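Asks: I'll drop the sequence and a predicted model, then ask my questions.
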Amino acid sequence: MTADATTPPHAPGRLPAVGHLMPLLRDRLAFMQELRSHGDVVQIGVGPRPVFVVNSPELIWEMLTAQSANFSKGRLFDKLRLFGGSPLPIAEGKQHLQRRRLMQPAFHRERINSYIDRMSTTAEAALRTWEHGARLDVLNELQLITQGVVMSLLFDSEPARDPAQAIMNSVDTVFQAAIRRTVSPVSAWEGLPLPGNRKLRAANALLRRTVGDIVTAHRTDPGAHDNVVSLLLEARDEDGRPLDDDEILSEVTALLAAGSETTAVTMAWLLHELGRNPDIEERLHHEVDTVLAGDRLTADHLPRLDYTRRLVTETLRLHNPGWIVTRQATVPVRLGTALLPAGADLIWSPYALHRDPELYHDPLRFDPDRWLPERPQPPRGAYIPFGAGKRMCIGDGFTWAEATVLTALIASRWTLRHTPGTTVRPVPAITVHPSSLHMVLEAREHAAAREAA
Ligand code: HEM
């Protein structure tokens with residue numbers, strides 16, 4: 001270690017015993033963004049617990065790639081064990097590698113192309129229920145759609161709307177409990193029979209029952225399916241051992257949780273931006289009308305939906321669903337000039353990174369054209385909506401396809417208008433979701449007729 005390596009500085013405003021709990025409770029997102037100005041790695045206090053926030057893109061990249069062996073997933077993921085077991089997002093070491101290898105085939109590019117038809121069918125069924133003039137709870141609706149899409153990947157089928165809503169509410173309850181426990185400085189209350197803990201147990205029981213029924217149905221007729229559950233049922237580890245029901249259940253529940261909320265939130269922000277940027281919406285409509293030309297959307301259309309993809313790229317920058325990703329140092333480490341002891345808790349924030357004014361010109365402006373190839377691109381590590389390295393999101397290709405399909409299908413038929421006087425705020429829970437986002441549906445043929453009149 002060289003002489004200039006030191007313990008990172010404390011962020012200003014730390015109070016005895018509570019640390020930076022006040023700004024974290026008051027406005028977590030503003031606090032995380034403000035930390036950048038205090039250094040590449042900054043120390044904050046979550047109550048008495050020190051946490052190191054990594055702000056520089058080079059060091060985040062280094063932590064996730066070259067030095068990834070020195071870190072475990074950390075506190076947030078530990079709390080996500082509430083979903084049960086040690087599925088892929090939580091598994092460590094050899095177990096992680098084995099599970100990743102096992103699941104990877106389900107996420108190969110060719111497989112994803114084969115899902116596009118299922119994605120369209122699921123989305124179109126939901127869009128057929130939309131009515132001109134109706135006021136839509138955008139996030140809830142998109143959660144149901146994206147959950148349906150992930151279910152079709154996992155099981156080839158979707159539950160009816162009521163069970164789907166119940167599953168979604170349960171996932172939400174577990175997520176909320178995990179984030180509360182991550183930012184809470186004490187954990188003594190976690191095992192007490194409090195209303196929140198009882199609700200958590202009920203939510204978990206419902207998830208395990210519903211998903212368990214589907215797994216059992218697959219077991220009784222294993223050859224009848226070609227999906228992630230059948231892949232997991234056929235899998236064997238190095239010793240030829242199959243996964244047991246609990247392991248399958250926790251993998252499936254984790255994919256359901258990781259894969260629906262994130263994409264739903266991204267799509268909700270995208271529709272919010274379209275609603276307040278009519279010029280961007282018009283360009284999207286033009287592209288979708290030209291490329292689809294009234295045909296059913298297929299995998300062949302996707303590479304030609306250029307503007308749509310830039311729109312998704314920009315949404316994943318400005319409105320990245322992740323505001324906190326955790327790690328824990330398993331050995332003493334050095335990141336840049338920061339020396340961190342073994343056991344140190346670290347976090348990085350995709351949300352704050354993607355809004356860093358040193359990395360992006362006019363960072364708060366929603367501008368899909370900043371991703372035109374002729375424009376200067378941000379440096380390595382500055383745009384990592386899906387993380388990086390061996391723990392990078394396994395669902396990245398799936399998400400690009402799904403978000404492009406959903407955007408194109410919605411834009412080909414619908415315009416969503418904000419209701420006058422609405423203000424939409426970002427709420428940092430497990431993802432950064434929009435506060436209440438209700439929009440009015442306008443069928444495009446009605447909008448065209450209105451403009452012509
Ligand atoms: C907008 C959509 C999404 C975003 C922004 C997102 C983001 C992320 C990020 C940042 C990580 C890495 C976390 C870390 O480094 O600790 C991750 C991991 C993961 N994601 Fe996603 N994700 C999205 C969609 C999906 C989908 C659709 C699926 C599956 C259907 C999925 C499944 C997973 C899994 C299983 C992991 C753990 C991978 C591993 O540890 O090997 N995600 N995601």
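Replies: Received it, and whenever you're ready, just let me know what you need.
Asks: So what's the gap between stretch 325-339 and the chain middle?
Replies: Taking the mean of its C-alpha atoms, stretch 325-339 sits 24 Å from the chain's own mean (Cα atoms, centre = their mean, to the nearest Å).
Asks: and it, average pLDDT?
Replies: For stretch 325-339, the mean per-residue pLDDT is 96.
Asks: again with stretch 205-213
Replies: 83.
Asks: Thr65 versus the residue in the stretch 351-453 of the chain positioned nearest to the ligand, what's the distance?
Replies: Here the stretch 351-453 of the chain gets closest to the ligand at one residue, Gly395, 2.3 Å apart by Cβ to the nearest ligand atom. C-betas here are computed from N, CA, C, even on glycine. Using Cβ to Cβ, to the nearest Å, we find Gly395 at a distance of 19 Å from Thr65.
Asks: who's more crowded, these two?
Replies: Using other Cβ atoms under 10 Å, the more surrounded residue of Gly395 and Thr65 is Gly395, with 22 against 15.
Asks: And the helices in the stretch 101-250 of the chain, which stretches?
Replies: 109-127, 138-155, 161-183, 195-220, 228-234, 245-276 (DSSP state H, counting those that start in this stretch).
Asks: Just put those in TSV and tack on distance to the ligand and mean neighbour count.
Replies: Formatted as TSV, the helices of the stretch 101-250 of the chain follow (distance: least, Cβ to the nearest ligand atom, whole Å; neighbours: other Cβ atoms under 10 Å):
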stretch	distance to the ligand	mean neighbour count
helix 109-127	10	17
helix 138-155	5	23
helix 161-183	13	18
helix 195-220	14	15
helix 228-234	9	19
helix 245-276	3	23
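Asks: Please render those as JSON lines that adds distance to Thr422 to the earlier fields.
Replies: JSON lines is the format used below for the helices of the stretch 101-250 of the chain (distance: least, Cβ to Cβ, whole Å):
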{"stretch": "helix 109-127", "distance to Thr422": "22"}
{"stretch": "helix 138-155", "distance to Thr422": "11"}
{"stretch": "helix 161-183", "distance to Thr422": "22"}
{"stretch": "helix 195-220", "distance to Thr422": "30"}
{"stretch": "helix 228-234", "distance to Thr422": "38"}
{"stretch": "helix 245-276", "distance to Thr422": "9"}
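Asks: Least confident of these, on average?
Replies: Comparing mean pLDDT across the helices of the stretch 101-250 of the chain, the weakest is helix 161-183, with a mean of 75.
Asks: Could I get the CA-only coordinates of the helix or strand where Arg99 lies as PDB?
Replies: Using DSSP states H and E, Arg99 sits within helix 93-103. Listed next in PDB are the C-alpha coordinates belonging to helix 93-103 (Å, rounded to 0.1, in the frame of the first residue of the first chain):
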ATOM      1  CA  GLY A  93     -18.900 -18.100  -4.400                       C
ATOM      2  CA  LYS A  94     -19.100 -21.500  -6.000                       C
ATOM      3  CA  GLN A  95     -22.900 -21.700  -5.500                       C
ATOM      4  CA  HIS A  96     -23.400 -18.500  -7.300                       C
ATOM      5  CA  LEU A  97     -21.200 -19.600 -10.200                       C
ATOM      6  CA  GLN A  98     -23.100 -22.900 -10.500                       C
ATOM      7  CA  ARG A  99     -26.500 -21.300 -10.400                       C
ATOM      8  CA  ARG A 100     -25.500 -18.600 -12.900                       C
ATOM      9  CA  ARG A 101     -24.300 -21.300 -15.300                       C
ATOM     10  CA  LEU A 102     -27.500 -23.200 -14.900                       C
ATOM     11  CA  MET A 103     -29.800 -20.200 -15.500                       C
END
